[in-house]
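Undergrad: Predicted structure and sequence below. I'll ask about it afterward.
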Amino acid sequence: MKFLLLGILLATMPWPAAAVCPGHSPSFTATSSGAFYLCPADVDAEANPVTASFYTSCTVTVNWGAGKSAFVTLTSITPGTPMLVSFPAATGAGTGTGFCTNNSAVIGASATSAITFPRVAAPAAPGLSK
């Protein structure tokens, strides 16, 4: 039976097109749209390579502000490939936690990072003319 290794690596953007997943970032700043990458490991806890059918899902939860939170669950997982997640409503200081679940319903260890979500400015007033 294969066991899950630390299934999520959180890191900042941008990324080269065919990048290999980087190591875990303990803190980073998301993009202005609240986006960052999640990266499922391409090996299990015994360091055996895993295939695309190994994972059933990966979930990322973010918390920010006074008790605000959101989560996303991804179901099309490619081991070792960064996947973009975005939380546009998040602003200010917060945290992100991610974990993956394998096809035997075993939940892997979670990874947590401190994330700064930039404040998005309000749109400028529209112009009216006749």
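TA: Cool, got the structure. Model, not experiment: these values are computed from the prediction. Residues are numbered from 1 along each chain as shown.

Undergrad: How about the contacts made by the residue lying farthest from the centre of the chain?
TA: In the chain, counting by C-alpha atoms, centre = their mean, K130 sits farthest out from the average C-alpha position, at 46.8 Å. By C-beta atoms under 8 Å, 6 or more residues apart in numbering, no residues touch K130. C-beta here means a position set from N, CA and C on the backbone, and glycine is covered the same way.

Undergrad: Any figure for the gap between it and A124?
TA: According to C-beta to C-beta, to the nearest Å, K130 stands 20 Å off from A124.

Undergrad: ok, now P82?
TA: Distance from P82 to A124, counting by C-beta to C-beta: 33 Å.

Undergrad: now V50
TA: Taken as C-beta to C-beta, the span from V50 to A124 is 48 Å.

Undergrad: what about P82 and A124, which has more around it?
TA: Higher neighbour count among P82 and A124: P82, with 20 against 6, using other C-beta atoms under 10 Å.

Undergrad: circling back to that earlier point, where does the residue farthest from the centre of the chain land on pLDDT?
TA: Confidence at K130, expressed as pLDDT, is 75.

Undergrad: where's it relative to S57, distance?
TA: K130 is 54 Å from S57, by C-beta to C-beta.

Undergrad: same question, H24
TA: If you go by C-beta to C-beta, the gap between H24 and S57 works out to 20 Å.

Undergrad: what's the answer for T51, then?
TA: From T51 across to S57, the span is 16 Å (C-beta to C-beta).

Undergrad: Which one's more surrounded, those two?
TA: Using other C-beta under 10 Å, the more surrounded residue of T51 and S57 is S57, with 16 against 10.
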